[in-house]
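Q: with the sequence up front, the predicted model follows.
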Amino acid sequence: MSTAPARRRVVLTGFGVISSIGTGVEEYTAGLRAGRSGARPITRFDTEGFGQNTACEVPDFEPGRWIRNVPLDDMGRAGQYAVAAARMAVEDAGLTEADLGERPAVVTVGTTDGESHDIALLLEQELAAGDPEAMDPVLSRRVNAGRLSTVIARELRMPNVEATTVTTACAAGNYSIGYGLDAIRTGEVDLALCGGADAVCRKAFALFKRFGALTPDVVRPFDKDRQGILTGEGAGILVLESLESALARGARIHAEVLGYGLSCDAAHPTAPNRDGIARGIRLALDDAGVQREDVDFISAHGTGTKANDKTESAAIVDVYGDSPPRTVAVKSMLGHSMGAASALGAIACGIALEEGFIPPTINHRETDPDCPLDVVPNRAVEADVRIVQNNSSAFAGNNAVLILGTYGE
Amino acid sequence: MSTATARPEATLPPGTPVITGWSAVSPYGVGREHFAAGVRAGAKTAVKADAALGSLPSSDVCVVPGFDIQELLGKRGTAKMDRLTALALVASDGLLLDGDGNRVVETDDLTGVVLGITMGSLENVTDFLRQSYTNERPFYVDAGRIPFGSLNHAAGATAIRHGLKGPNTTVAGGRVSGLLALNYARRLMHQGRATKYLVGSAEEFSAAHAWFEHTAAAPGDPAPLLGEGCGLFLLEPADTAERPALAAVLSVETRVDIDDDPRAAVTACARRALDRAGVDAADLWAAVPCAAPTAAGHAEHEALAALAPADALSRVPSMELLGDTSAASASFQIGAVLAVAETDPGSAGRTALVTAVDRDGAVAAAVLRLMGEQR
Amino acid sequence: MTTVAPERLSRIREIIAENIDVDLGTLSDTALFIDELGADSLKLIDVLSALEMEYSIVIDMNELPRMVNVEATYQVTAAAAGW
């Protein structure tokens, strides 16, 4: 670009995880290493008539453990996940409310459906009463997606922030992390809380059911017999910090954010696009200053649908040639947690860098010849991991690719 | 009071984002000219709602007159299109095309789109769920309408319509979303991720939206008069801009009201935006609040009244005339500043403050310098 | 092969035209949706779901590849509906 701005280095110093395979970094790490499945019967809404009732719900979520300052009724399920993960992330980073306070920061939460579960509840109230006046104001006040990020600022008592909810659907987590990276790189802030959140809801379930994209059994990304996704939920929030700030306070550094790329297919509202994904990957590698051969593994978008996995594999081969890095799909374990997906993927990448293992693609039997990848089937492998790529794509042709690396002096 | 500089663009640091074009689809009508004329006349837009909108909590609405999607966008691909997407597409045509439909703005693979919204097309989402609840089977839903229910669809559809492959983003923040989008575009352009941006925000009116807003209104607040529309801008770095700058974006600042004190939050945010821009509040040519019909909206007005000169606060007619346009509002405020400035030569080189407050606690402020270009 | 009921065929033709965005007047019973009429697989899901709702039936998604034109779509629908 014409005016290459000075770039500050940006590191990850805190992770907060609410997921169907484990809450908190420790449990999430154990889940990734063991290849745990988050699939279970749906409890959130009535699935009668769908002929299916499996999703990757978060079991035993206790919002009160994490949310102390804002009344729980002020947010829906997705907001509670976002706030809980944010609280967990700042605690993991060793930041107290006194450290935060008036400190300028960016808070970005990505989402696909926001509080669409509440929208469904409001509609149920209307239908039951035959009158929209029956809708509960407590719910109708909290349905707007902007709240997912402002409520974090309120809970953590951080007024001096830019709270932006990024609604780029299933790529939103990576978008959010990228925005935090840019805000710190420019020197405008030293701190960003970024990630994504979504909650299992009837909207997503009915939508993927209608598209024939819900698997009748388990999620098998890149498998020749894959039949689709399971909807999922959770939140992943990452603390991004300028390297100077992290070093100055002696923070533990999980990983470094090396770069990201955004591309738009400008082609089809729902179909994945090989060229668009490949362009996103190339932009990310360029931004990170990383050579293809240095990427140790790819955490794929890997939804488990016929179309995504085939198209994404082709795009990976377009960029990497015939021997691409190992490519895993954490959605085999987590289902598709929508706006949280790439944030949880990014945290999985950070954990892999720190702990030296590559999480598996579970439920795998036989790799599809159209997906010529080593998907690390079923069992995690120990590996010296230094640079990782985290893919995401969304309806509307939005692709976001993130590159993380181990932090070295 | 400082005097206006003769050539304001000469004073801009390179890379300063400048607005080089704009477009609006609003309760004043389709197109920038209708918007500008309506704003300058201070015309009211509220009308009695068409019966086709269904049962509504309030009979008065501020909708885009004559907004027939298929007439404006053609029949192909529009039969099941949501209103929000259509508003954004029509606005994007107004920005990129001339009256004959010819492209007049160059774009490349790094031309980005960022659109501010509240919750997408609530009509699409509630219709979808209503079908799921009331039809014979819960998956008996109109599949052809599903893509339009994605919160990022309007921005993605804009990219598809005009072949824009750069960063494509949707940000949600209700009334502040237009300023969040502006800041997003500013930051990504600064990082070289985009060469230019279509940036703006949009809201659709629907019965679903009206009932949600009606039930959400705080006790004591009146039933909201709702508006709709889309404001879009072409944003480019000053040093590479291909068209004359209408205004420079000197600063965008944001804050969250964590203490339920919107007046203090707006004051702090506006002061910071002015500081960042190097502008003295006493020198403002215009100060434009979002004028939300809520306690927060009144607090915003009080904050600006205490900060800005009275003539700045009355320079641009109140946004109340358009109804509460939610996500569209901040873009309409900027459009209104440009509309009034373009017929006032005294605006050249002067500055404008635009602020917004949202129910979810977000506050934002932007400072613009008017460049004296006549469209 | 089921015997074609003309009024049903005519309704199915309407549903298809509406959902793959083509002019009903120009829609022949043998024109291929994807190769000749520019539809994509998503549009075929729109057709399938509209047919399900119209006739209160469930069509297996695996039948989608067989729904290549009006004629074949009629047969798939007829089989699902037990006509």
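A: All right, it came through fine. Numbers count the residues shown, from 1 in each chain, chains lettered A, B, ... in the order given.
Q: where does residue 49 fall, secondary structure wise?
A: In the absence of a named chain, chain A is used. Taking DSSP states H and E as the criterion, no element holds A:Gly49; it sits outside all helices and strands.
Q: I was after chain C.
A: Secondary structure here is read from DSSP H and E; on that basis C:Ser49 sits in helix C:41-55.
Q: so is that helix next to chain B?
A: Yes. Using C-beta under 8 Å from any C-beta of the partner chain as the criterion, contacts between helix C:41-55 and chain B involve C:42-43, C:45-46, C:48-50, C:52-53. All C-beta atoms are positioned from the backbone trio N, CA, C, and that covers glycine.
Q: so which residues of chain C form helices?
A: C:6-19, C:41-55, C:70-81 (DSSP state H).
Q: my bad, the stretch 101-250 of chain A
A: Per DSSP state H, counting those that start in this stretch, the stretch 101-250 of chain A carries helices over the ranges A:116-129, A:137-140, A:147-155, A:172-185, A:202-210, A:243-248.
Q: got TSV for the ones you listed, with distance to chain B, mean neighbour count and mean pLDDT too?
A: Putting the helices of the stretch 101-250 of chain A into TSV (distance: least, C-beta to the nearest C-beta, whole Å; neighbours: other C-beta atoms under 10 Å in any protein chain shown; pLDDT from 0 to 100) gives the following:
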stretch	distance to chain B	mean neighbour count	mean pLDDT
helix A:116-129	5	20	98
helix A:137-140	4	18	97
helix A:147-155	4	30	98
helix A:172-185	5	30	98
helix A:202-210	5	25	98
helix A:243-248	17	16	98
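Q: would you turn those into CSV with distance to B:His162?
A: Putting the helices of the stretch 101-250 of chain A into CSV (distance: least, C-beta to C-beta, whole Å) gives the following:
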stretch, distance to B:His162
helix A:116-129, 29
helix A:137-140, 35
helix A:147-155, 29
helix A:172-185, 21
helix A:202-210, 27
helix A:243-248, 39
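Q: quick one: contacts for the residue nearest to B:Ala362 when sequence neighbours are not counted?
A: When the adjacent residues along the chain are set aside, B:Ala362 lies closest to B:Val176, with 4.4 Å between them (C-beta to C-beta, 6 or more residues apart in numbering or on different chains). Applying C-beta atoms under 8 Å, 6 or more residues apart in numbering or on different chains to B:Val176 gives the contacts A:146, B:116, B:254, B:330, B:356-358, B:362-364.
Q: just for chain A, where's the confidence low?
A: Counting by pLDDT under 70, chain A contains low-confidence ranges at A:1-6, A:409.
Q: how is it carved up into domains?
A: A:11-248, A:256-405 (automatic domain parsing).
Q: just send these back as TSV, with distance to B:Asp221 too.
A: Below are these laid out as TSV (distance: least, C-beta to C-beta, whole Å):
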stretch	distance to B:Asp221
domain A:11-248	11
domain A:256-405	31
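Q: quick one: closest of those domains to B:Ala49.
A: Ranking those by their distance to B:Ala49 (criterion: C-beta to C-beta) puts domain A:11-248 first, at 14.8 Å.
Q: so what does the strand or helix carrying B:Ala305 touch, helix or strand wise?
A: Remark: B:Ala305 resides in helix B:295-307, with elements defined by DSSP H and E. With contacts taken as 3 or more C-beta pairs under 8 Å, 6 or more residues apart in numbering or on different chains; DSSP states H and E, helix B:295-307 sits against helix B:262-277, strand B:351-357.
Q: quick one: strands adjacent to the last one?
A: Listed by DSSP bridges, the sheet partners of strand B:351-357 and their directions read strand B:284-288 (parallel), strand B:362-370 (antiparallel).
Q: relative to A:Ile67, which of those strands is closest?
A: strand B:362-370 (19.2 Å).
Q: any idea how far the closest residue to chain A within the stretch 151-300 of chain B is from chain C?
A: Residue of the stretch 151-300 of chain B nearest chain A, by C-beta to the nearest C-beta: B:Gly156 (2.6 Å). Distance of B:Gly156 to chain C, computed by C-beta to the nearest C-beta, to the nearest Å: 14 Å.
Q: show the contacting residues for that residue.
A: So B:Gly156 contacts A:264, A:269, A:395-398, B:150, B:168 (C-beta under 8 Å, 6+ apart).
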